[in-house]
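**Q** model the following, please.
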Amino acid sequence: MTLNWERILKLAAEGNLEPPKTIRKSKDEWASQLSPEAYHVTRSHGTERPFSSDMCSRIEPGIYDCVCCGTPLFDATEKFDSGTGWPSFTQPIEASVVAYKADHSYGMTRIEALCNVCEAHLGHVFPDGPAPTGLRYCMNAVALAKQQG
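**A** Residues are numbered from 1 along each chain as shown. Take a look at the predicted model:
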């Protein structure tokens, strides 16, 4: 399935794709597994400071997993330096691993990107990315774990 902005909006409004699997844990289980910052971002829908991670500008081969459940989310071949201060990708590794939800916080409407397996907040997706998708998945670096290659 090809993802584009119209498809993302439709998924956010009408329901997401079926996840490859489902992982649910209690708040205490997540808190014991994650750093305080990763917990705040992924489980409390926080945002890390822009440019707080060198992951933004590092473009090197690899796969980026959800820091909570280990689900592969993004391939580095889809990563680009957006200049925004957060790691950015043009598309997920598979359409079913990311879920979308309208986010009306801070007086604006954005599309939140979540891990479709464990419901971790990853960041947001915007329609201002490069071709061919035109998408910019603006992710929190602490929500991602780069696989060791």
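**Q** so Thr133 makes contact with Leu3?
**A** Yes: counting by CB atoms under 8 Å, Thr133 does reach Leu3; the two are 6.2 Å apart. In this view, the C-beta of every residue, glycine as well, is placed from N, C-alpha and C.
**Q** sec struct for Phe54, please.
**A** To be clear, residue 54 is Asp; Phe isn't right here. coil (DSSP: H, G, I helix; E, B strand; the rest coil).
**Q** for His124, see how far away it is.
**A** Between Asp54 and His124 the computed distance is 21 Å (CB to CB, to the nearest Å).
**Q** which residue of this protein sits farthest from its center?
**A** Asp28 (22.3 Å; CA atoms, centre = their mean).
**Q** what does the one helix or strand that one maps to rub up against?
**A** Taking DSSP states H and E as the definition, one finds Asp28 inside helix 27-33. Under the contact criterion CB atoms under 8 Å, 6 or more residues apart in numbering, helix 27-33 has outside partners Lys25, Tyr39, Thr42, Arg43, Cys68.
**Q** which one of these sits closest to Lys146?
**A** Lys146 lies nearest to Cys68 out of the contacts of helix 27-33, by CB to CB, at 14.6 Å.
**Q** sorry, back to before: neighbour-wise, which of Asp54 and His124 wins?
**A** Taking other CB atoms under 10 Å, Asp54 and His124 do not tie; His124 has more neighbours (19 against 9).
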